[in-house]
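Asker: Next input, structure requested:
(one chain, ligands or ions: 1)
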Amino acid sequence: MMYQALCTEFYDADKKFADEDEINFYKKFLKKNDVILEPMCGSGRLLIPFLQQGYTVHGIDNSIAMLKSCKDRAAKLDLHPALFEEAIETMSLPNQYNIILIALGSFQLLYPRSSAFNALQNFKKHLLPKGKLILDMFIPWDALYENNEEEVSEKEVIIPEGIIKHQSHSKANKQEQFYYSESVYTKIINNKIVAEEKEQMHVSWYYRYEMELILEKYGFKNIECREEFFRNENHMIFIAENA
Ligand SMILES: C[S@@+](CC[C@H](N)C(=O)[O-])C[C@H]1O[C@@H](n2cnc3c(N)ncnc32)[C@H](O)[C@@H]1O
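Answerer: I've put the predicted structure just below:
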């Protein structure tokens, strides 16, 4: 299971909202009256700032906790986005969109690859003719070094009542281009553990020319790949048109 209650609380304390540089990058590809779908929108890290700037963005995600947080965080700003609780692999929404945008490598959570391919077919169905798919992706370069496939990490965030710790162990499979991670979130208030949540996830990665061929195979054209730097990270962003 991924993105349950404690993970959501950790995510919101850790990441809050997208910065101007990320927003401004995406704005280059958007028109003000575009209707945008953000699959895997989570708790609205990107969706909410876009709504604040007057864009129309619908969200879809399969985590009840993340969607609830998105709804609550938006409501505090008097915003009421259309949010759909569905898995990307099987999504069927009543609308078609000018833009489908997936931020922060979220597409890479679709595993195995057949799930990612189903998602691409669904994105095509939900795009208007000439609509654009924008995918933010990354390659975990560090894991590719010899003897560097395993990573143990620990991070904590401060919440009003205490802290949430996230400890994770991940192992990369370079042949198959994915890493698998097992982690645990621990909420600590007054030095006492009050909640614990386990999480497992697979994260796939795709190289540039491989991804371009995949996008072509699933019905996209005029594919552009941009190297960008924001959030202190390298991003490989694909922009592809519905053919
Ligand atoms: C890393 S979070 C990113 C959220 C958001 N894209 C952002 O930029 O902050 C990944 C999100 O993908 C969602 N997700 C993962 N697998 C999914 C699936 N198969 N269908 C729909 N949503 C999924 C999770 O619930 C989570 O909210």
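Asker: Angles on the backbone of the residue positioned nearest the centre of the chain, please.
Answerer: For the chain, the residue nearest the mean C-alpha position is Ser106 (2.8 Å; C-alpha atoms, centre = their mean). Backbone geometry at Ser106, expressed as degrees, to the nearest 10, gives phi -60, psi -30.
Asker: Would you check how far apart it and Ile214 are?
Answerer: To Ile214, Ser106 is 17 Å away according to C-beta to C-beta, to the nearest Å. Glycine gets a C-beta too; all of them are placed from N, C-alpha and C.
Asker: cool, Glu85 as well?
Answerer: Taken as C-beta to C-beta, the span from Glu85 to Ile214 is 27 Å.
Asker: name the element the closest residue to the ligand within the chain belongs to?
Answerer: The chain approaches the ligand most closely through Gly42 (2.8 Å), counting by C-beta to the nearest ligand atom. Of the helices and strands defined by DSSP states H and E, none includes Gly42.
Asker: Was I right to think it contacts Leu109?
Answerer: No: Gly42 is beyond contact range of Leu109, at 10.6 Å (criterion: C-beta atoms under 8 Å).
Asker: more neighbours, those two?
Answerer: Gly42 (24 against 17; other C-beta atoms under 10 Å).
Asker: I figured His126 was touching Ile88, is that so?
Answerer: No: if you go by C-beta under 8 Å, His126 and Ile88 don't touch, sitting 10.2 Å apart.
Asker: Next, the contact list for Leu67, please.
Answerer: Residues near Leu67 by C-beta atoms under 8 Å, 6 or more residues apart in numbering: 43, 59, 61, 83, 85.
Asker: Quick check: Ser92 is in a strand.
Answerer: No: going by DSSP: H, G, I helix; E, B strand; the rest coil, the assignment for Ser92 is coil, not a strand.
Asker: Would you tell me what the next helix or strand after the helix or strand harbouring Ile163 is?
Answerer: Element membership for Ile163, per DSSP H and E: strand 162-173. Sequence order places strand 178-189 as the next helix or strand after strand 162-173, per DSSP H and E.
Asker: so what strands line up beside that following strand?
Answerer: strand 162-173 (antiparallel), strand 192-204 (antiparallel) (DSSP bridges).
Asker: buried sites along that strand?
Answerer: 178-179, 181, 183, 185-188 (16 or more other C-beta atoms under 10 Å).
Asker: Whether it contacts the ligand - can you check?
Answerer: No: Strand 178-189 does not reach the ligand (C-beta under 6 Å from any ligand atom); its nearest approach is 12.3 Å.
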